[in-house]
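[1] Curious how this folds, go ahead:
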Amino acid sequence: MQEIVQYTPVILDPNTAFSRLILSDDLTAFRDGLWPRKGQCLPANPERLKDHVGVLGFEGFKSGVHSWIVDVYSATWLLGVMEESAQRQRGVRCHPEYLYLEMESECAPDYRACFPPDKLVKIKLEKELLRVTVTLNCDEGMLTFTDSMTNDIIHTIQHTFTQTVYPFFSTICPDTPLRLLHMKISINLQSAMGINRSKCYLKW
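    The predicted model follows:
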């Protein structure tokens with residue numbers, strides 16, 4: 001017996017969200033509200049980002065391979081990971097605790113990758129990205145960004161991960177949210193000697 005189910009490998013942690021952000025009820029999407037919502041009083045918890053319009057994933061990773069897909073239709077965005085020890089009261093640009101891919105759009109899309117210690121690399125692409133797959137390989141020290149529509153690798157950052165890292169997301173677009181997509185799991189149920197055994201296969 002085979003069954004296809006959906007799940008979201010990464011959900012957003014509202015306790016880390018910058019005060020202007022508006023998160024969806026299912027914690028898979030967010031946009032910039034441009035100003036804190038009226039009457040909103042967020043707790044000054046230490047994990048909250050204070051100086052960057054971003055939010056972290058709920059779960060951190062220290063080993064294994066992890067992947068998540070993001071719709072990036074907004075005009076300006078940033079995707080990557082943040083090390084657990086990072087200062088959350090300051091911006092992220094080119095700080096050594098952050099590894100990311102970003103896009104800024106003025107007249108034309110401008111893509112850059114940033115990684116320790118303070119490297120910023122411009123990336124030339126033939127067309128604008130609409131959906132990005134982020135793959136974190138903690139064991140081999142790689143963070144790979146892929147165009148989900150074509151499966152072409154955009155950029156790979158090599159880095160030795162010595163501590164837990166969290167998925168990181170940012171946008172300053174008020175109209176179009178960044179959205180984490182569901183992934184499909186194919187579950188095969190096999191029965192042997194009256195005992196049910198489950199096998200799970202990921203379908204990207």
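[2] Give the helix, strand or coil label for Cys173.
    Put simply, Cys173 is coil when judged by DSSP: H, G, I helix; E, B strand; the rest coil.
[3] residues near it, how many?
    18 (other Cβ atoms under 10 Å). Heads up, the C-betas are built off the backbone N, CA and C, glycines and all.
[4] again, but for Lys119
    So Lys119, with other Cβ under 10 Å, has 12 neighbours.
[5] Is it bridged to anything, and to what?
    Taking DSSP bridges as the rule, Lys119 bridges to Phe115.
[6] Looking at it now. What's its pLDDT?
    Looking at Lys119, its pLDDT stands at 80.
[7] Tyr100 versus that one, what's the distance?
    Between Lys119 and Tyr100 the distance is 12 Å, computed by Cβ to Cβ, to the nearest Å.
[8] Could you do Trp77 as well?
    In terms of Cβ to Cβ, Trp77 sits 10 Å off from Tyr100.
[9] before we move on, what about His159?
    11 Å.
[10] So for the two, which residue has more residues nearby?
    Counted by other Cβ under 10 Å, His159 and Tyr100 do not tie: Tyr100 has more neighbours, with 25 against 16.
[11] Touching, the more buried one and Ala113? I think so.
    Yes. Counting by Cβ atoms under 8 Å, Tyr100 touches Ala113, with 7.3 Å between them.
[12] for stretch 49-68, the distance to its chain's centre please.
    6 Å (Cα atoms, centre = their mean, to the nearest Å).
[13] how about that stretch: buried residues?
    For stretch 49-68, burial by neighbour count (16 or more other Cβ atoms under 10 Å) applies to 49, 52-57, 60-61, 66-68.
[14] Inside strands: which ones of the residues you listed?
    Judged by DSSP state E, the subset of the buried residues of stretch 49-68 located in strands is 54-56, 66-68.
[15] What are the buried residues along stretch 139-154?
    For stretch 139-154, burial by neighbour count (16+ other Cβ under 10 Å) applies to 143-148, 154.
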